[in-house]
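S.K.: quick check, what structure comes out for this input:
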Amino acid sequence: QVQLVESGGGLVQAGGSLRLSCAASGRTFGNKAMGWFRQAPGKEREFVAYISWTGTTYYADSVKGRFTISRDNAKNTVSLQMNSLKPEDTAVYYCAARRYSSGSYYPYDYDYWGQGTQVTVSS
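M.R.: You can find the predicted model right below:
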């Protein structure tokens, strides 16, 4: 079992930045791809970004060029740097881990989830 705890959410004005962090504990963090997803009220959970065990990254078109995912395998953490935030980025953001080293943009491919952290971007 892997436990994931997100932090760093909050309220920010449009154009601002936030950095989300996800700390993993429990079974080994090793060889696991990590992803960030988000869910706005009344909408389905959607893919934001993933990073493979070896550092390959992939982003949703809606965040490409604004968000950066990174990981520190020694510290068992994954982060999401969010710049140039827009009101449409408002959502609960979830960190997720899958048992395979390669990433995926499908929520059902992930085995472990955090509880989520709220990000609100005001216009």
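
S.K.: for the chain, which spans come out with low pLDDT?
M.R.: 28-29 (pLDDT under 70).

S.K.: ok, which stretches of it are strands?
M.R.: Using DSSP state E, the strands of the chain run over 2-7, 10-13, 18-26, 34-39, 46-51, 57-59, 67-72, 77-82, 91-97, 112-113, 117-122.

S.K.: would CSV of the ones you listed with distance to S104 and mean neighbour count be doable?
M.R.: Quick note: C-beta positions are derived from backbone N, CA and C, even for glycine. Output for these, formatted as CSV (distance: least, Cβ to Cβ, whole Å; neighbours: other Cβ atoms under 10 Å):
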stretch, distance to S104, mean neighbour count
strand 2-7, 16, 17
strand 10-13, 28, 13
strand 18-26, 16, 18
strand 34-39, 7, 24
strand 46-51, 7, 21
strand 57-59, 9, 16
strand 67-72, 14, 18
strand 77-82, 15, 22
strand 91-97, 10, 23
strand 112-113, 13, 18
strand 117-122, 21, 17
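
S.K.: just checking, K86 touches A14?
M.R.: Yes: between K86 and A14 a contact is recorded at 5.9 Å, counting by Cβ atoms under 8 Å.

S.K.: cool, thanks, signing off.
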